[in-house]
Every structure is written in structure tokens, then in C-alpha cells.
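Asks: This is the structure alone, sequence omitted:
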């Protein structure tokens, strides 16, 4: 089975990350911005797993009992847990906002300021 | 390690205390909690660890980390004592808010000892997530909603950048440990370079350094004043500690490579923070720009990365936190936060005005106050580093500009009289306990201004 080179994963992950960043910077709907942030975090997850495999394969060639690379996969679980915690707080904030202004458009807030 | 566990447990205790404790007893319980934390953290500094948990080297405490934690906890104690009454009024169940603050303290204790990027990430998130809630704790106030949303979106965005940076560093070094990343001959591979820049950007976001500062004024202005005080002092100091430790331990051997980037950030932060603060009419907004300006000075320590920088950093945390907490504690009692509302304050409340005067002088860096030596150590660190001396000139000029906007408030307090319609308004009242504590606070600022070695020798 041919192994996909790690570069492909890096490009995939960077592409997702860039979509996330552009979304955060251009969209005006709070929920869509929020989804774009989640996309950025998931891009990181892909990258971490790819790097984990990369380091593992390199170490495995020398030592068959190696555990190199597992820490990145553990990191991914931490990112998921923290992202879940962020979702709870973030959605609560957006709901609170919706109750007050009946909109989740962030431009609305800028208009209120002056 | 002591502080993390006690803070987390006390946070849970505070949550349940909401069922039984009411009013003042909640505040009392929180103050007790911070005092317990101060004691157990000090015991660990003396070498007595109550909990010994094998973290596989991911959390290692040295005297710098523990001293930092001690300073932060002391600032929190002052914060609870001075702002506790306002904090109690801001919500029906203040014990929840106290619980969130204790969880933040647990996160700060993790930041104080991280040796692995995993712990850095966890620590920063434990600090940030409760803070989003605190920023939006005035649920029906639109400004508070806006602040919470903006803080949340910007905070998670910068977390995303930080994680991407961590992933690239891992790809380069194959480990999350700071020593592992710092290993090597000081050559920057492309992946390490990307990781470094992303981490620099995200940490600048967290400490509100220019050009990533744009969220700060809105968030600080919109949040309830009690929590602005907490955010601008304690949490910001924690961010700086993480920044310093990360860049010292993980990128110390390529210091010269990123120093120029840092110099640009320092320059922009100093100039933008100070110049914009001049034009503010609201004290709260002025203080949020001033916090950007002070961040510029603290960044000088990260720019220089030597022993003076570390000493100066600890001193800066103490000086800046104590002064800003006192000012915000008084500001929170005012109904409106324009500079005019301070008119004639010295005549009505001479003691509180005196303490505020000391705090403002300390922020401006006038000798005999702690702020002077804090700034002095930072400039000394840059001078010893001796690569970019022009930064010292810029910093001194900016400190001179900062005198203008701090003295505007002093001028309003001492040399202006109340206008006719201000006479009608209800004036803030301060009880005796508040006066005593704010006096102790200003005496501490003066003491550190005369004997900074009391703090720096502990390092």
C-alpha cells in the first residue's frame, strides 16, 4: 500500500486553516465565524495526527516498540475537549446576544457603539 | 502544584457555597480561599509540596514561577478586598463569579509551571474560557454582550493560531517539551519558523500587543468594570508570564532571529497605546489604552530575555496590578466613567484620592513608586542586551507621553471643582474597610518603590 507523503496532509490542513481564517475575517454572522474557528481547530487536528504518524514511522524503523508520536494524538483529544468547552460558552454568549437584539449579526453591535 | 489543586477545589466549593452563603459571607469565603492559596503556594516556594503528582515533567515549578504565582495571588487578594462589594452587586449569585475566578487562578497556576506546550495550551484555555463568561456577566447590557462576543471570537481565533503554531513546532521537533524545541544549533527550519511566527502572533493577541490589540479597548470598555479590572491586571500578567517563559525556554537559542520582530511589536505597542490614550475622554477607555501602553513596557522584558528582564517582569506585575486594581476599584463605584466625574474628588474623599494619586504616579513611573523601578528594570534589561538602544529612547518618550493622560485624572481630582449639576448627583461612598485596604495598597506601592529588592531578591 503506497503511503501518502506528509506534505499532502500539510497542504490539506493549511487549506482548511486558510478557509477558516478567511471566514473569520470576512463573515458577519457570529455563528458562521464560530464555525470557521472550529474549522481552524480541526485543521490543526489533522496536522497533528499526520505529524504524529510521520514521527512514529521514522522511529518505528529503528525500534519496533517505540511510542514516539502518541503524544500528538493525545493532544488532539485535548483540543477536542477544549473546543467542546468553548462551544458551550460561545453558543451561550450567542444565545444571550440573540435574546437582546434578535440578531446574530456582528455589524449590529458596531452600529450600537456610537 | 499545591495552588492548582487547591484553587480548583475551592472553585467547586464556591459553586456549592452559593446555596447557603449570602452576601458578605461569600466574599469572606473567597478571601479565605485566596489566603489559603497564598499560604500553600508559599509553602511550595519553601520546598514543602503537599501534593506530589507525577506529571512526567510537564509541570515543573521553579522559584520564578512560584514567585509569579504568589504575586498574582496577592493581587487577587487585593482585588477581592477592594472590588468584592461591587462583584457581589453585579450578579444575583456572586458565588458563581467567584468560582470562575478560582478556576482562572487554577489555570494561572498551570501557566506558572508549564514545561510542555500541551500544558501551555490547557493553562491558557482554562484562563480564557471562564473569562469569556465574566466579560458577558451583565446579561442584559448590550455593551457587555458585545464585549463577551468579541472577546470570545478573538480569543478562540488566537487559540487557533496558537494551536497551528504548536502543531508546526511538533512537526519540526517531534516533541511538545520546551527543551526539545529549544534543542538544535539555532537553525530555523521552515516549520519552526512558521510555528514561531504563529505563536508570536497568538501570544501578542493574548497580551493585547499591537498590531493585535484592536479588540482590547472594546472588550475592556464593554465588560463590567469589576471584571475589566481582573482582565487587565491578573490575566494580562499571566499572559505575559506565559509569553516570557515560552520564548525563553522554547526559542531562547534563536533569540537573535526573532528579536527584530519583537522590537517592531514593542515599538508599535508603545506608540499606539500611549498616543491613543491621550485622546480618550472616559477613564475606563483611557485605562484600557494605558494597559496596552504598559504591555509595551512589559514586552521589553521579552525582547531582552535576561536576568534583569525577569526581575523587572515580577516587579512590573506587582506594580501594575496593584495600581490598576486600586484605580478600577474606585472607578467601579462611579456611575459614569468620564474624567469629569473625578472633579473635586480630593476634597470629598482625601484619603481615597491620595491612594489613587499614588497609583497613577506608579503607572506613570514617577520615582519613589513601584512603577518607576519596574520601568527602570525593563530599560536596564534592554540596555544590557545592547542590540537596539533606540527602543530605550522610544520607551522613555512614551513614558513621558503617558504622564499627560495620567495627570489629567490627577488634575481633575485635585484642581477642579464640581459643576453645578454634579453637586446634585449621588456621590460614591466608601466604608472604612475599603479606605484602610486602599491605603495599605498604596503603601505597598510606595514600599516597592523604595525597596524593589524585597521582591526581586526572592527570585
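Replies: That came in fine, so what should we check first? Predicted model, so just to flag it, every value in this text is computed and none were measured.
Asks: ok now do residue B:171, which residues does it touch?
Replies: By Cβ atoms under 8 Å, 6 or more residues apart in numbering or on different chains, the residues touching residue B:171 are A:10, A:47, A:51, A:54, B:191. In short, each C-beta sits where N, CA and C put it, glycine included.
Asks: Just the ones of the residues you listed in helices?
Replies: Among those, the members found in helices (DSSP state H) are A:10, A:47, A:51, A:54, B:191.
Asks: residues touching the fourth one, list them.
Replies: Under the criterion of Cβ under 8 Å, 6+ apart, the neighbours of residue A:54 are A:6, A:69, B:171.
Asks: Closest to residue B:249 out of the ones in helices among the contacts of residue B:171?
Replies: Of all these, residue B:191 has the smallest distance to residue B:249: 18.7 Å, by Cβ to Cβ.
Asks: Touching, that closest one and residue B:172? I think so.
Replies: Yes: counting by Cβ atoms under 8 Å, residue B:191 touches residue B:172, with 4.1 Å between them.
Asks: These two: which is more packed in?
Replies: More crowded of residue B:191 and residue B:172, by other Cβ atoms under 10 Å in any protein chain shown: residue B:172, with 21 against 17.
Asks: Could you tell me which residues make contact with that one?
Replies: Taking Cβ under 8 Å, 6+ apart as the contact definition, residue B:172 lies against B:181, B:189, B:191-192, B:195.
Asks: And residue B:308, by the same measure?
Replies: B:377, B:380-381, B:384.
Asks: Nearest to residue A:19 among those?
Replies: Using Cβ to Cβ, those come closest to residue A:19 at residue B:381, 41.4 Å.
Asks: Show me where the stretch 351-459 of chain B dips below the pLDDT cut-off.
Replies: Within the stretch 351-459 of chain B, the ranges that satisfy pLDDT under 70 run B:420-426.
Asks: can you rerun that using 80?
Replies: Applying pLDDT under 80 to the stretch 351-459 of chain B picks out residues B:418-428.
Asks: The nearest residue to residue A:31 once chain neighbours are set aside: neighbour count?
Replies: Nearest in space to residue A:31, with sequence neighbours left out and distances taken as Cβ to Cβ, 6 or more residues apart in numbering or on different chains, is residue A:104 at 5.7 Å. Neighbourhood size, residue A:104 [other Cβ under 10 Å]: 18.
Asks: and whichever strand or helix holds residue B:179, what does it pack onto?
Replies: Applying DSSP states H and E as the criterion places residue B:179 in helix B:178-182. Applying 3 or more Cβ pairs under 8 Å, 6 or more residues apart in numbering or on different chains; DSSP states H and E, one finds that helix B:178-182 contacts helix B:142-173, helix B:236-249.
Asks: Which pLDDT value belongs to the residue of chain A at minimum distance from chain B?
Replies: Residue of chain A nearest chain B, by Cβ to the nearest Cβ: residue A:40 (3.6 Å). The per-residue pLDDT reported for residue A:40 equals 94.
Asks: Can you tell me how far residue B:262 is from residue B:253?
Replies: From residue B:262 across to residue B:253, the span is 15 Å (Cβ to Cβ, to the nearest Å).
Asks: If I look at the closest residue to residue A:72 other than its chain neighbours, what pLDDT would I see?
Replies: For residue A:72, ignoring the flanking residues on the chain, the nearest one in space by Cβ to Cβ, 6+ apart is residue A:52 at 3.6 Å. Looking at residue A:52, its pLDDT stands at 93.
Asks: Number of residues surrounding residue A:52?
Replies: Neighbours of residue A:52 under the rule other Cβ under 10 Å: 23.
Asks: ditto for the one 10 residues further on
Replies: By the criterion of other Cβ under 10 Å, residue A:62 has 8 neighbours.
Asks: Kindly report the same for the one 5 residues further on.
Replies: Each residue near residue A:67 was counted by other Cβ under 10 Å, and the total is 9.
Asks: secondary structure element for it?
Replies: Secondary structure from DSSP H and E places residue A:67 outside every helix and strand.
Asks: ok, now residue B:289?
Replies: Using DSSP H and E, the element containing residue B:289 is helix B:283-304.
Asks: If you compare the directions of that helix and helix B:236-249, what angle comes out?
Replies: In terms of direction (axes from the mean of the first three to the mean of the last three Cα atoms, to 10 degrees), helix B:283-304 departs from helix B:236-249 by 10 degrees.
Asks: is chain A contacted by helix B:283-304?
Replies: No: applying Cβ under 8 Å from any Cβ of the partner chain, one finds helix B:283-304 out of contact with chain A, separated by at least 11.6 Å.
Asks: Can you pull the residues of chain B lying near chain A?
Replies: So far as Cβ under 8 Å from any Cβ goes, chain B lies against chain A at B:118, B:121-122, B:125, B:129, B:132-133, B:136, B:139-140, B:142-143, B:145-146, B:148-150, B:152-153, B:156-157, B:159-161, B:163-164, B:166-168, B:170-171, B:174-176, B:218.
Asks: Show me just the buried residues among the residues you listed.
Replies: Neighbour counting by 16 or more other Cβ atoms under 10 Å in any protein chain shown classes B:118, B:121-122, B:125, B:129, B:132-133, B:136, B:142-143, B:145-146, B:148-150, B:152-153, B:156-157, B:159-161, B:163-164, B:166-168, B:170-171, B:174-176, B:218 among the residues of chain B next to chain A as buried.
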